[in-house]
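S.K.: Take a look and give me a structure for this.
(4 chains)
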Number of protein chains: 2
Amino acid sequence: MNRRSFHRAPEGERRQELIEATLDCISEFGLKGATVRQIAIRAGVTAGLVRHYFESKDQMVAEAYRAVIASLTEKASKVEGDPETRLRDFIAINLTEPVADSRSISLWAAFISQVRVDPVLSEIHREGYLTFRNSLQELLADFLAAKGKPADAETCRAFAIAINGLVDGLWVEGCLAGDLFREGELVAIAMSSVEALLGTTIGTVKQ
Amino acid sequence: MNRRSFHRAPEGERRQELIEATLDCISEFGLKGATVRQIAIRAGVTAGLVRHYFESKDQMVAEAYRAVIASLTEKASKVEGDPETRLRDFIAINLTEPVADSRSISLWAAFISQVRVDPVLSEIHREGYLTFRNSLQELLADFLAAKGKPADAETCRAFAIAINGLVDGLWVEGCLAGDLFREGELVAIAMSSVEALLGTTIGTVKQ
DNA sequence: GTAGCTATTATTCAAGCGTATAATAATACG
DNA sequence: CGTATTATTATACGCTTGAATAATAGCTAC
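M.R.: Numbering: from 1, shown residues only, chains lettered A, B, ... in the order given. Predicted structure coming up:
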């Protein structure tokens, strides 16, 4: 009858630990391997506790997805400084760690693969995507205006779609096969590509 | 004792049906929901038959992944005509159906999410990615040479990385939220973006 | 301190999983 | 036409899953 000792965690903290453990398991073992038991082990508790904090495993996973999106977007959303600096930082942040790493894309892909299956996840995704693209669009509007270039809504929309695609695509490439690129190569390619797209320098120094 | 009637399928055909059923289930129910039983139902056979054609479920899934990559790359790999036409077709093919649809990205994402988990899938992915990017790189080399632009290996490599990223990123955007874009908008944005990147027209007509 | 609350553990359950095996029906071949 | 072959079905097995329940241990308030 050796019942294991334990300590009571403050409300909220344990929830956070469980969500983090969920993400760890999904990235390491896949959605299939992220079982309630495995997650509990990772969080250092027993399986039953999950249902004390969440209505179901599915609900916990959905909240974990929200956390992923937040971690992928929050850093880039709070860039500061003049428009040019903000644009440069936006690109660099999305293509370097911790945003660009294999854990991130594992999590992202795991959830994307469920978008068709689970309408809840689908809605969470769409919300996150639009927020991200809109913040990029505003950033571009400021930047183009500062450069004295046409910055009407339609132009900014097209640029935002293109640059969002470019950055996302390079992010995927880098996350999945970072070893195929030289140090800083992806960021450099992104910078010069954005300059070519916008027809302006963004303050990067050509080698 | 009503044993269900059945017909014997020609060798290879049944394998193909099972792989197709596997992909259907993964895209509709996720990797988790793609159980042997569900796959068998989709294929119109009983579960036991899977093990008659494949050593294990995992092996069947790996072969299914090969099929996905093939379907995503084969159309774009056999573009024909002069370099300019081939480049244009390459872009258009990747951003319109059937390559760009929600089923494709569900499958792609499901496998990407397993790349860290399963070394077999990881190797299959890397192989497919490099093949795809190299064919794009050759395409660009031909195109730039035809346009009388510098086409050294390093330049082509950087362009291939950037354009591959751009196309992949737009592909993801379109697959996940096609309804957010106007008809043909993504292709148009891709075309004009590639023109800006390469500093050349590629024969598209500006609206 | 100690009574009460609840966070946490321990245990149990039915359902579903991948796989193994044996029975059977469709085909191929002499 | 009969027989061997094997693709297919049917059934069973051991294991894992998410969830429900009961027991218990740590904290808080008085």
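S.K.: mind checking how far A:Ala141 is from A:Ser193?
M.R.: Distance, A:Ala141 to A:Ser193, using Cβ to Cβ, to the nearest Å: 19 Å. No exception for glycine: its C-beta is placed from N, CA and C like everyone else's.
S.K.: so A:Glu195 touches A:Ile202, yeah?
M.R.: Yes: between A:Glu195 and A:Ile202 a contact is recorded at 5.6 Å, counting by Cβ atoms under 8 Å.
S.K.: Show me how chain A divides into domains.
M.R.: Structural domains annotated on chain A: A:1-54, A:68-198, as defined by automatic domain parsing.
S.K.: Make JSON lines from these and add mean neighbour count, mean pLDDT and distance to DNA strand D to it.
M.R.: Output for the domains of chain A, formatted as JSON lines (neighbours: other Cβ atoms under 10 Å in any protein chain shown; pLDDT from 0 to 100; distance: least, Cβ to the nearest atom of the strand, whole Å):
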{"stretch": "domain A:1-54", "mean neighbour count": "15", "mean pLDDT": "93", "distance to DNA strand D": "3"}
{"stretch": "domain A:68-198", "mean neighbour count": "19", "mean pLDDT": "94", "distance to DNA strand D": "13"}
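S.K.: nearest spatial neighbour of A:Asp142, skipping sequence neighbours?
M.R.: Closest residue to A:Asp142 apart from its sequence neighbours, by Cβ to Cβ, 6 or more residues apart in numbering or on different chains: A:Pro83 at 4.1 Å.
S.K.: got the contact list for the residue nearest in space to the middle of chain A?
M.R.: In chain A, the C-alpha nearest the mean C-alpha coordinate belongs to A:Leu72, at 2.1 Å (Cα atoms, centre = their mean). Counting by Cβ atoms under 8 Å, 6 or more residues apart in numbering or on different chains, A:Leu72 touches A:Val99, A:Ser104, A:Trp108, A:Gly128.
S.K.: circling back to that earlier point, from B:Ile161, how far off is the residue nearest to A:Asp142?
M.R.: 26 Å.
S.K.: helix or strand for A:Val99, which one?
M.R.: Under the criterion DSSP states H and E, no helix or strand holds A:Val99.
S.K.: Identify the residues contacting it.
M.R.: A:Ser71, A:Leu72, A:Lys75, A:Ala76, A:Ile93, A:Trp171.
S.K.: Which element, helix or strand, includes the fifth one?
M.R.: A:Ile93 is part of helix A:83-94, with elements assigned from DSSP H and E.
S.K.: Spatially nearest residue to A:Phe159, not counting backbone neighbours?
M.R.: Excluding its sequence neighbours, the residue lying closest to A:Phe159 (Cβ to Cβ, 6+ apart) is A:Leu140, at 5.1 Å.
S.K.: Surely that neighbour touches A:Cys156?
M.R.: Yes: using Cβ under 8 Å, A:Leu140 is in contact with A:Cys156, at 5.1 Å.
S.K.: picking up where we left off before, quick check: which of the domains of chain A is nearest to DNA strand C?
M.R.: For DNA strand C, the closest of the domains of chain A is domain A:1-54, at 2.6 Å, according to Cβ to the nearest atom of the strand.
S.K.: Could you check how far the closest one is from the centre of its chain?
M.R.: Domain A:1-54 sits 22 Å away from the centroid of its parent chain (Cα atoms, centre = their mean, to the nearest Å).
S.K.: roughly how far apart are the residue lying closest to A:Leu130 once chain neighbours are set aside and B:Glu195?
M.R.: Excluding the flanking residues, the one nearest A:Leu130 by Cβ to Cβ, 6+ apart is B:Leu180, at 7.8 Å. B:Leu180 is 23 Å from B:Glu195, where distance means Cβ to Cβ.
S.K.: Next: A:Asp24.
M.R.: Distance, A:Asp24 to B:Glu195, using Cβ to Cβ: 44 Å.
S.K.: How about A:Phe90?
M.R.: 24 Å.
S.K.: Quick check: phi and psi at A:Arg182.
M.R.: Reported as degrees, to the nearest 10, the phi and psi values for A:Arg182 are phi -80, psi 160.
S.K.: Same check on A:Lys147?
M.R.: Main-chain dihedrals, A:Lys147, degrees, to the nearest 10: phi -90, psi 0.
S.K.: Can you tell me the SS state at the nearest residue to it once chain neighbours are set aside?
M.R.: Counting by Cβ to Cβ, 6+ apart, A:Lys147 lies nearest to A:Thr200, which is 5.2 Å off, once chain neighbours are set aside. Classification of A:Thr200 using DSSP: H, G, I helix; E, B strand; the rest coil returns coil.
S.K.: same question, A:Ala151
M.R.: coil.
S.K.: how much space between the closest residue to A:Arg86 other than its chain neighbours and A:Ala67?
M.R.: Nearest non-adjacent residue to A:Arg86, counting by Cβ to Cβ, 6+ apart: A:Val79, 4.2 Å away. Distance from A:Val79 to A:Ala67, counting by Cβ to Cβ: 21 Å.
S.K.: ok, now A:Phe6?
M.R.: Noted for A:Phe6: a distance of 24 Å to A:Ala67, by Cβ to Cβ.
S.K.: ditto for A:Ile105
M.R.: The gap separating A:Ile105 from A:Ala67 is 16 Å, by Cβ to Cβ.
S.K.: same thing with A:Gln59?
M.R.: Applying Cβ to Cβ to A:Gln59 and A:Ala67 gives a distance of 13 Å.
S.K.: can you check A:Pro10 too?
M.R.: 18 Å.
S.K.: gap between the two ends of stretch A:177-186?
M.R.: From its first residue to its last, stretch A:177-186 covers 11 Å (Cα to Cα, to the nearest Å).
S.K.: Where do the helices of chain A begin and end?
M.R.: Here chain A has its helices, by DSSP state H, at A:13-33, A:36-43, A:50-53, A:57-77, A:83-94, A:102-112, A:119-146, A:153-176, A:185-198.
S.K.: what helices or strands is the longest one leaning on?
M.R.: In terms of contacts (3 or more Cβ pairs under 8 Å, 6 or more residues apart in numbering or on different chains; DSSP states H and E), helix A:119-146 is packed against helix A:57-77, helix A:83-94, helix A:102-112, helix A:153-176, helix A:185-198, helix B:153-177.
S.K.: what's the answer for the second one, then?
M.R.: For helix A:36-43, the elements it packs on are helix A:13-33, helix A:50-53, judged by 3+ Cβ pairs under 8 Å, 6+ apart.
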